[in-house]
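sequence and predicted model, in that order:
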Amino acid sequence: MSRSGADLALLLLGGFRSLVESAQEELSRRGYDDVRPVHDFAIRAIAAGADSASELSRRTSVTKQAAAQTISVLQERGYVVREADPTDARRKRLRVTERGFALLKEGEAIFDELREQWARRIGSESLRQLEAQLSELVGPAAVRVDAPGWVATQDLGPGADMPQIPHPGE
């Protein structure tokens, strides 16, 4: 049976959704029942340098109001804090807490586990081939890890790497 381009897009979206929903369910089982995928994107953006609502808004392609609301939720739940800027006493800067980094680390471990489940279902070699083919089709910097929106259009530039998330103690 021949599939259309729309079918392909829906299959890819379905794969993404399946992984994200499974990860969220597992995070909940592991004690992180107060987070949603948008929180992960925001925490990653803050860890990569988005230290204000304006900067978070820009990096995640949401309104400043939405960014401020997300920050408020993340603060309330202990994933980020606002601290005085050492160079400007009038300014407060965002920082990811140990709890926030623990969430990111747990999420990364869960995605690794989900990848292993997929490898068992279709075979390790088939999964490697799928990943290689998708990389060939979409390129290495198709989606920034700190940008949840479809309109995350910031050009990283030729050969630029994805932003690395610093973990405390590394």
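Noted; the coordinates are in hand.

need the residue closest to the centroid of this structure.
Phe41 (3.8 Å; CA atoms, centre = their mean).

what is the lengthiest strand in the chain packed up against?
For the chain, the longest strand by residue count, based on DSSP state E, is strand 88-96. If you count contacts as 3 or more CB pairs under 8 Å, 6 or more residues apart in numbering; DSSP states H and E, strand 88-96 packs onto helix 37-47, strand 80-85. For glycine as for every other residue, the C-beta is placed from the backbone atoms N, C-alpha and C.

for the helix or strand following it, what is the average pLDDT?
Once the chain leaves strand 88-96, the next helix or strand it forms, by DSSP states H and E, is helix 98-122. Mean per-residue pLDDT for helix 98-122: 97.

what's the answer for stretch 70-82, then?
The model assigns stretch 70-82 a mean pLDDT of 97.

pull out the buried positions in that stretch.
Judged by neighbour count (16 or more other CB atoms under 10 Å), stretch 70-82 contains these buried residues: Thr70, Ile71, Val73, Leu74, Arg77, Tyr79, Val80.

for stretch 36-43, same thing?
Those would be His39, Asp40, Phe41, Ala42, Ile43, for stretch 36-43 by 16+ other CB under 10 Å.
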